[in-house]
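> compute the structure for the input listed below.
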Amino acid sequence: MASDLELFHTILLGIIQAKQTNVLLPMIVSELADTADFALARIWLTETQLTDRQQRVLRLSASAGKSRVERCSWKNLDGEFSSIPWGALKIGHIAKNSESLHLDEHEIKHSRWTIHPEWIAREGIKGFAGHPLVFRGKVLGVLGVFSRNLISQQQFRWLRLFADQAAVAIANARAFQEIESLHEKLQLENEYLRSEVKQNIGGFVGKSPALQKVLEQIDLVAPVETSVLILGESGTGKELVARAIHERSKRKTRALVKVNCAAIPNELFESEFFGHVKGAFTGALRERVGRFEVANGGTLFLDEVGEIPLSLQGKLLQVLQEGEFERVGEERTRRVDVRIIAATNRNLTEEVEAKRFRQDLYFRLSVFPLETPPLRSRREDIPILAAHFLKQAAKRLNLPTPRLTQQNQKELMSYLWPGNIRELQNVIERAVILARGAGLRFQLKESSGHSLEQTASVPTTQQEWLESQRASIKTALDKSGGKIYGKGGAAELLGLAPSTLSSRIARLRIKRKRV
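Presented below is the predicted three-dimensional model:
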């Protein structure tokens, strides 16, 4: 090696600029192999295997060099020495004892340190130097180099100084990555919190026995670290229930992260849930934190969980069972502590029987099932909710608050509300806009369902109510020519979310024309 001090100084100037370990580590070994002319340079990093014994190993993380015999580079991180137990071989010995190791030509050929002396002879290796990568008393890993020239004591000492500086660079790169990750996580948490503020409809409003039962169940399950499955029709306030459980739990100081499972494309499922590293796939221009990682220490709300494709449910189940995952394109295993609250408007028992939903995932999610009642089962709450939404809409729109008359209340209470509370809120807001100083006029869609005055008996079960919607759904499908989504679609005619209508069509087994 030429002028060691100047050489190592030049190499260090380059590596201290790197802020990502996946860039820094290959840079270190490449500089040692190419610039310092070592035959092989490698870095192993300390890793704790998640077993009952929490065993420490050294994972090969960077390698550079070139074979003199086979004419190939040594960049492969797999193979016999990709994982070395703590204390085993010369690399494990260096890490365990936090001491350097210098082997000359005789020692490396005939000592207890070499498993493959034939490789040493074939490649003309005459020296080995290994140094622990120590930062603040902690062994981060081991730097090992093989040389086709004798390694002098002076060179060995300079390598030790180099290893110390490399350890600082690795620690700094990890810290920078952690800061970036925390910054991104904080941004995502802020986005979720802003989203929750926008979507918050003002908390629970009403005094019906059906609502009181829900509140009692929330108080019962909130302090307990168990999974909750919220069942109910679209628009009944399932997200509000999830937020209430979170806010009454021990995790209330951390984020409640919502995932709309129906809105995630199949090909982005893993990235959305678990994150990815830069370059993991086409379009992955930077590292991304997944929803599970953002929710670590808090609560993850899986809305519309019944919409997750069967092919992807196993991956979700695995992280729920083990509390472990890997980002897409990364081998590092990460642990998370997340409470799961799921919600669906589907009958998951029927979905399991139909083989569209995994039974083991269903049991994992439904430790404590909680059902939100439809608005038709809380008729006494309708005037209270209407008055609440009336004041809320008038204030937000900066309009005078119209008077809610007895006739208005009677009209609202006689309607079946297929869209539940969400539909009531929208109807009230439209009425406030149209009032302009006059009385309230409600635009209730006739195709959405019959009024209570037109119905001889009010449906008492969810299935009975669903059957009562069959005629209106068929009528809307006929008018739209079988179209559900978009302008003029059946969902728009009925005032429903397209996913909700699709679910009802499937459950009623209604055949429709394909457009």
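
> quick one: low-confidence ranges for the stretch 51-200 of the chain?
For the stretch 51-200 of the chain, the stretches flagged by pLDDT under 70 are 51-54, 184-200.

> show me the helices in it, by range?
89-97, 105-110, 117-123, 153-199 (DSSP state H, counting those that start in this stretch).

> tell me the most buried of the ones you listed?
helix 89-97 (a mean of 19; mean count of other C-beta atoms under 10 Å). All C-beta spots, glycine's among them, are computed from the backbone N, C-alpha and C.

> any residues touching that one, and which ones?
44, 46, 58, 81, 84-87, 100-101, 103, 113, 115, 128, 130-132, 139, 141-142, 144 (C-beta atoms under 8 Å, 6 or more residues apart in numbering).

> mind running it again at 10 Å?
42, 44-46, 56-58, 60, 81, 84-88, 99-101, 103, 108, 111-115, 128, 130-134, 139-144 (C-beta atoms under 10 Å, 6 or more residues apart in numbering).

> restrict those to the buried ones and give me that as a ChimeraX selection.
In ChimeraX, this line selects whichever of the contacts of helix 89-97 come out buried by 16 or more other C-beta atoms under 10 Å:
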select :42,44,45,46,56,57,58,60,81,84,86,100,101,103,108,114,128,130,131,132,133,134,139,140,141,142,143,144
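
> contacts only, for the residue of the chain most remote from its centre.
Distance from the C-alpha centroid of the chain, by C-alpha atoms, centre = their mean, peaks at residue 106 (54.0 Å). Contacts of residue 106 were listed using C-beta under 10 Å, 6+ apart, and they are residue 126.

> next one: it from residue 113, what distance?
For residue 106, the distance to residue 113 equals 12 Å [C-beta to C-beta, to the nearest Å].

> please parse this protein into its domains.
4-176, 200-371, 377-452, 469-515 (automatic domain parsing).

> dump these into TSV; add distance to residue 183 as well.
What follows is the domains of the chain, written out as TSV (distance: least, C-beta to C-beta, whole Å):
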stretch	distance to residue 183
domain 4-176	10
domain 200-371	10
domain 377-452	33
domain 469-515	34
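
> which parts of the stretch 351-500 of the chain are strands?
368-371 (DSSP state E, counting those that start in this stretch).

> any low-confidence regions in it?
If you take pLDDT under 70 as the line, the stretch 351-500 of the chain has these spans: 437, 445-465.

> give me the secondary structure label for residue 267.
Here residue 267 takes the helix state, with states given by DSSP: H, G, I helix; E, B strand; the rest coil.

> pull the contacting residues for it.
Residue 267 neighbours (C-beta under 10 Å, 6+ apart): residue 281.

> ok, it to residue 279 distance?
For residue 267 relative to residue 279 (C-beta to C-beta), the value is 17 Å.

> residue ranges of the helices in the stretch 301-450 of the chain, please?
Here the stretch 301-450 of the chain has its helices, by DSSP H, counting those that start in this stretch, at 310-322, 348-353, 359-365, 382-397, 406-413, 420-435.

> can you redo those helices as CSV with distance to residue 253 and mean neighbour count?
Putting those into CSV (distance: least, C-beta to C-beta, whole Å; neighbours: other C-beta atoms under 10 Å) gives the following:
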stretch, distance to residue 253, mean neighbour count
helix 310-322, 23, 15
helix 348-353, 31, 15
helix 359-365, 24, 17
helix 382-397, 28, 17
helix 406-413, 39, 15
helix 420-435, 28, 20
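
> okay if I get these as CSV plus distance to residue 508?
Converted to CSV, the helices of the stretch 301-450 of the chain look like this (distance: least, C-beta to C-beta, whole Å):
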stretch, distance to residue 508
helix 310-322, 22
helix 348-353, 12
helix 359-365, 22
helix 382-397, 26
helix 406-413, 26
helix 420-435, 18
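
> for residue 207, phi and psi?
Dihedral angles of residue 207 (phi, psi; degrees, to the nearest 10) stand at phi -140, psi 10.

> whoops, residue 347 was the one
phi -90, psi 100.

> what sits against it?
Contacts of residue 347 (C-beta under 10 Å, 6+ apart): 231, 306, 353, 354, 357, 462, 463, 466, 503, 507.

> swap the cut-off to 8 Å and go again
residue 507.

> now swap in residue 308 and tell me
261, 269, 316.

> got CSV for these, with distance to residue 254 and pLDDT too?
Shown next, in CSV, are the contacts of residue 308 (distance: C-beta to C-beta, whole Å; pLDDT from 0 to 100):
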residue, distance to residue 254, pLDDT
261, 21, 89
269, 24, 87
316, 21, 90
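
> mind putting these in a markdown table, distance to residue 213 included?
A markdown table is the format used below for the contacts of residue 308 (distance: C-beta to C-beta, whole Å):
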| residue | distance to residue 213 |
| --- | --- |
| 261 | 27 |
| 269 | 35 |
| 316 | 30 |
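
> state the distance from the residue farthest from the centre of the chain to residue 89.
19 Å.

> again with residue 67
21 Å.

> for residue 215, same thing?
In this view, residue 215 and residue 89 are 62 Å apart by C-beta to C-beta.

> over to residue 405?
Using C-beta to C-beta, residue 405 is found at 86 Å from residue 89.

> residues contacting residue 350?
Counting by C-beta under 8 Å, 6+ apart, residue 350 has contacts residue 507.

> quick one, which of the domains of the chain is nearest to residue 182?
Among the domains of the chain, the nearest to residue 182 by C-beta to C-beta is domain 200-371 (9.2 Å).

> report the distance from that closest one to the chain centre.
10 Å (C-alpha atoms, centre = their mean, to the nearest Å).
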